[in-house]
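>>> Sharing a model that was predicted from the sequence below.
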Amino acid sequence: MKKACIVIGDNFFQKNRLFDLDDPIANRDNCLYPFFLLRQNLDEKGFNLATSDLHPAKESDLVIYFEMPKILPSIDELEKSYLLLFESELIRPDNWELSKHKAFKKVFTWHDSFVGTKNYYKMNFSLLISKKINKDLSRKNKLCTLIAGNKCVKHRLELYSKRIEAIRWFEKKHPNDFDLFGMGWDRFRFRGIKVVRALNKLTWLTKLLAPTYPSYKGPVSEKKIVLEKYKFAICYENGRDIPGYITEKIFDCLFAGCIPVYWGANNISDYIPDNCYVDMRNFNSYEELYLYLIEMNDEDYTFRLNEIELFLNSEKIQGFSAETFAETVVNQTVIK
């Protein structure tokens, strides 16, 4: 059996925690299933995949990097080094320093501006696909929700601030029709140089200075259980107008039978049928959006849920499946 390793900067996933489907914290919403499947598929090809603390890169026959590493592989290691790019330029600008891509034999990415050019291969955010959704409208207790962490970044394409705009609009205009969930909305977040960011460790201070969000209901352990109770969800990617940047956010809504109000990838309709989501770009204001949502009758709403279920059972969604992710990586790394 040959050694393979995955190099991931987050120590949280070391000691093979990246593959542990039984870990309720790490495997929230089945997010680890694609990597579990990748490990299984590589094992069938004679490669034992482990995190790099257990299989060091220097000792491995195949090295897969999860995001751009701080230390690039040497030129002698190029033939066994492959790069998976998940985060956009907003979060990981180093991922998109193109000169660094030359240190890898192949680069896997969702970014449609690169896919198809030399050494770049398509890799969507991948998931364990749910094919059946709950379409019982009696379970929809409220109109709209938003589930996201309270973060921000300075970038011309960011949508973090637009989430806050949506939250504040609903809180002011229609507070009874909206709930907010996620981490960090009850905390103030210090930003800037390292010594300032260190103040985030003072929980009492971050709570004391926190802005008030009346719609905030706390964090969630399983998004599907919450989303099933709402007809719609504000579903903004971290950034807009990045081709192919379609994350788990919209699928969390679809799997829960909750229609997403989507803003993000400018080519979203190439991947997901229009009837499966409400495109925020079609509205000039939140007042327009609200009227559209509130006036949608049960017949139209159920039609959209049926369209979602048809999509989840179609070939079109397979590009986002964990199976496609694992097969693509294996086919491009160990199958000659």
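Yep, it's here. Numbers count the residues shown, from 1 in each chain.

>>> From here on, just use CA atoms for contacts and neighbour counts.
Noted.

>>> how close does residue 21 get to residue 51?
To residue 51, residue 21 is 15 Å away according to Cα to Cα, to the nearest Å.

>>> nope, residue 156 is what I meant
35 Å.

>>> who's more crowded, the two?
residue 51 (23 against 9; other Cα atoms under 10 Å).

>>> Need the CA coordinates for stretch 54-62. PDB is fine.
Taking Å, rounded to 0.1, in the frame of the first residue of the first chain, the C-alpha atoms of stretch 54-62 are listed here in PDB:
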ATOM      1  CA  LEU A  54       0.300  11.000  10.200                       C
ATOM      2  CA  HIS A  55       1.700  10.700   6.700                       C
ATOM      3  CA  PRO A  56       4.300  13.500   6.200                       C
ATOM      4  CA  ALA A  57       4.500  14.900   2.700                       C
ATOM      5  CA  LYS A  58       8.100  14.000   2.400                       C
ATOM      6  CA  GLU A  59       7.300  10.300   3.000                       C
ATOM      7  CA  SER A  60       4.200  10.200   0.800                       C
ATOM      8  CA  ASP A  61       3.800   9.000  -2.800                       C
ATOM      9  CA  LEU A  62       0.900  11.400  -3.400                       C
END
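
>>> List the buried residues of it.
Buried residues in stretch 54-62, counting neighbours by 16 or more other Cα atoms under 10 Å, are found at 55-57, 60-62.

>>> again, but for stretch 211-225
Neighbour-count burial for stretch 211-225 [16+ other Cα under 10 Å]: 215-216, 219, 223-224.

>>> can I get those in a markdown table with distance to residue 310, pLDDT and secondary structure?
A markdown table is the format used below for the buried residues of stretch 211-225 (distance: Cα to Cα, whole Å; pLDDT from 0 to 100; DSSP: H, G, I helix; E, B strand; the rest coil):
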| residue | distance to residue 310 | pLDDT | secondary structure |
| --- | --- | --- | --- |
| 215 | 33 | 98 | coil |
| 216 | 33 | 97 | strand |
| 219 | 31 | 95 | coil |
| 223 | 22 | 96 | helix |
| 224 | 19 | 95 | helix |
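
>>> Would you format those residues as JSON lines with distance to residue 233 included?
Putting the buried residues of stretch 211-225 into JSON lines (distance: Cα to Cα, whole Å) gives the following:
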{"residue": "215", "distance to residue 233": "14"}
{"residue": "216", "distance to residue 233": "14"}
{"residue": "219", "distance to residue 233": "16"}
{"residue": "223", "distance to residue 233": "11"}
{"residue": "224", "distance to residue 233": "12"}
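
>>> now, which of those sits nearest residue 290?
residue 215 (16.5 Å; Cα to Cα).

>>> And the helices in the stretch 151-300 of the chain?
Using DSSP state H, counting those that start in this stretch, the helices found in the stretch 151-300 of the chain span residues 160-173, 194-197, 203-208, 223-227, 248-255, 286-294, 298-312.

>>> For residue 132, find the nearest of those.
helix 298-312 (6.3 Å).

>>> Quick check: residue 246 touching residue 265?
Yes. The criterion here is Cα atoms under 8 Å, and residue 246 meets it with residue 265 at 6.1 Å.

>>> neighbour-wise, which of those two wins?
residue 246 (27 against 21).

>>> per-residue confidence at that one?
Looking at residue 246, its pLDDT is 98.

>>> State the number of residues packed around residue 44.
Residue 44, neighbours per other Cα under 10 Å, totals 11.

>>> how about the closest residue to residue 328 other than its chain neighbours, what does it touch?
Leaving aside its sequence neighbours, residue 328 sits nearest to residue 123 (Cα to Cα, 6 or more residues apart in numbering; 7.6 Å). Contacts of residue 123 were listed using Cα atoms under 8 Å, 6 or more residues apart in numbering, and they are 108-110, 325, 328.

>>> returning to that earlier point: where do the contact lists of residue 246 and residue 265 overlap?
Both residue 246 and residue 265 are in contact with residue 237, where contact means Cα under 8 Å, 6+ apart.

>>> quick revisit: residue 275 is nearest to which of the helices of the stretch 151-300 of the chain?
helix 298-312 (5.8 Å).
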